[in-house]
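**Q** Please find the sequence and the predicted model below.
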Amino acid sequence: MIGQRLIHAGLIQFGAFPRNGDVIPFDLALPLVASYPDLLRDLANTAAERLDGVPMTRLLATSEAVPFGVALSLRLGVPLVYSKGMGSSPVDDLVGAYDIGHPALLVTNSVGFDHSVEALVKGARRVGLEVHTLVTLLEGRPPALEELGVNVISLARLGDLVDQLRATGDIPRRQAALIHQWITR
């Protein structure tokens, strides 16, 4: 299972992590996935299977998901555009060959942890990348992408992982409750 492999690689960690004046019950180190080439290859293969039949002529990766985006681009044979993650205008932020009218797949490491993905979708659309589907390694809260008409394909969901870990005794019940509480707030 993908989620278990992410946890065993240390890319998803559980504990108490200070963030912006708050303490959250987990931490994500998903940008480090490039350090695990076998895992990265398997993630790209799993994503490619789940994307069978999804129309796309471009991939668009968030800045944190460039390794995953490159692996998926190589696997699918689809050109990659990526965000520098600077929050600037799309013309200055996006790197890669694109022009108007390309159906695009957005590639992320995680979704539902902040609102940066929504802004990237809107910016990409302003320059002609028609993002209609998003593929992500990990989904936290259900993302607010429905009003943008973006379908979400998740390789793993944090809530499901926590339930599995709680059922096997690999995570304390209180820790699981804190994570679920974070997901639903």
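**A** That came through fine.

**Q** where does this structure have low pLDDT?
**A** Applying pLDDT under 70 to the chain flags no residue at all.

**Q** all helices for it, in order.
**A** In the chain, helices defined by DSSP state H lie at 2-8, 37-50, 66-76, 90-93, 116-126, 158-168, 173-184, listed in chain order.

**Q** So which bits of the fifth one are buried?
**A** Meaning helix 116-126. If you call a residue buried by 16 or more other C-beta atoms under 10 Å, then helix 116-126 has these buried ones: 116-118, 120-121, 123-124. The way it works is simple: take the backbone N, C-alpha and C, and place the C-beta from them, glycine included.

**Q** For Asp99, give me the backbone phi and psi.
**A** Main-chain torsions, Asp99, degrees, to the nearest 10: phi -150, psi -170.

**Q** need the contact list for the residue nearest to it when sequence neighbours are not counted.
**A** Beyond its immediate neighbours in the sequence, the residue positioned closest to Asp99 (C-beta to C-beta, 6 or more residues apart in numbering) is Gly128, lying 5.9 Å away. Gly128 makes contacts with 98-102, as judged by C-beta atoms under 8 Å, 6 or more residues apart in numbering.

**Q** go with 10 Å
**A** 58, 90, 98-102, 104 (C-beta atoms under 10 Å, 6 or more residues apart in numbering).

**Q** May I see the buried residues of stretch 41-54?
**A** By 16+ other C-beta under 10 Å, the buried positions in stretch 41-54 come out as 43-44, 46-48, 51.

**Q** Could you do stretch 12-32 as well?
**A** Neighbour-count burial for stretch 12-32, with 16+ other C-beta under 10 Å as criterion, is recorded at 12, 14, 24-26, 28, 30-31.
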